[in-house]
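Q: Attaching a predicted model along with its sequence, questions to come.
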Amino acid sequence: MLKAKDVMTKNVVTIKADILLKDAIRILVGKGISGVPVVDDSGKVTGILSEKDIMNYMFSGNLSTTVVSEAMTKNVVSMTSDTDLDKVALLISEKKFRRVPVIDNGKLVGIISRRDIIRSLLS
């Protein structure tokens, strides 16, 4: 049985909660990704910012003066690197997530997206 660590992306793009939302949008667009974990100075995940969060926020605030912490999802669901891949896939499917951070001992070690799971089917 494949585990999260077998298919996760290990070099995860992250952002800080205090950067401007417009700068976070530039990072998402520039990297071609649809969401990014938000971490503090110690590397602990404090939130996740997705395209959905941005779309939900854009009608209620000013994107040029808003910081990420105002728009991000704060209740982050995560998995450990030893979680069975079928459990990760089920969570992503049931919750309609596009990605799930992988956290071991309080530290971000990777991220699994729908695409990572689908790619694993080819192996």
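A: Nice, thanks for sending it over. The model shown is predicted, which means the values in this text are computed figures rather than measured ones. Numbering: from 1, shown residues only.

Q: For the rest of this, base every contact and every neighbour count on C-alpha atoms.
A: Noted.

Q: any chance you could map the strands in this protein?
A: 35-39, 45-50, 99-104, 107-113 (DSSP state E).

Q: which other helices and strands contact the first one?
A: What it means is strand 35-39. Judged by 3 or more CA pairs under 8 Å, 6 or more residues apart in numbering; DSSP states H and E, the packing partners of strand 35-39 are strand 45-50.

Q: Try it again at 10 Å.
A: helix 21-31, strand 45-50, helix 51-58, strand 99-104, strand 107-113 (3 or more CA pairs under 10 Å, 6 or more residues apart in numbering; DSSP states H and E).

Q: will you turn those into a markdown table that also has mean pLDDT and mean neighbour count?
A: Listed next are the helices and strands packed on strand 35-39 as a markdown table, based on pLDDT from 0 to 100; neighbours: other CA atoms under 10 Å:
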| stretch | mean pLDDT | mean neighbour count |
| --- | --- | --- |
| helix 21-31 | 96 | 16 |
| strand 45-50 | 96 | 23 |
| helix 51-58 | 90 | 15 |
| strand 99-104 | 97 | 23 |
| strand 107-113 | 96 | 22 |
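
Q: and those as JSON lines, adding distance to A4?
A: Formatted as JSON lines, the helices and strands packed on strand 35-39 follow (distance: least, CA to CA, whole Å):
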{"stretch": "helix 21-31", "distance to A4": "22"}
{"stretch": "strand 45-50", "distance to A4": "17"}
{"stretch": "helix 51-58", "distance to A4": "23"}
{"stretch": "strand 99-104", "distance to A4": "8"}
{"stretch": "strand 107-113", "distance to A4": "7"}
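
Q: Among those, which comes closest to V7?
A: strand 107-113 (7.1 Å; CA to CA).

Q: Could you tell me the angle between that closest one and strand 99-104?
A: With axes from the mean of the first three to the mean of the last three CA atoms, to 10 degrees defining the directions, strand 107-113 sits at 150 degrees from strand 99-104.

Q: For strand 107-113, name the packing helices and strands.
A: helix 4-7, strand 35-39, helix 85-95, strand 99-104.

Q: can you list contacts of it?
A: 4-14, 34-37, 39, 42-45, 78-81, 85, 88-89, 92, 97-104, 119 (CA atoms under 10 Å, 6 or more residues apart in numbering).

Q: Thanks again, I'm all set now.
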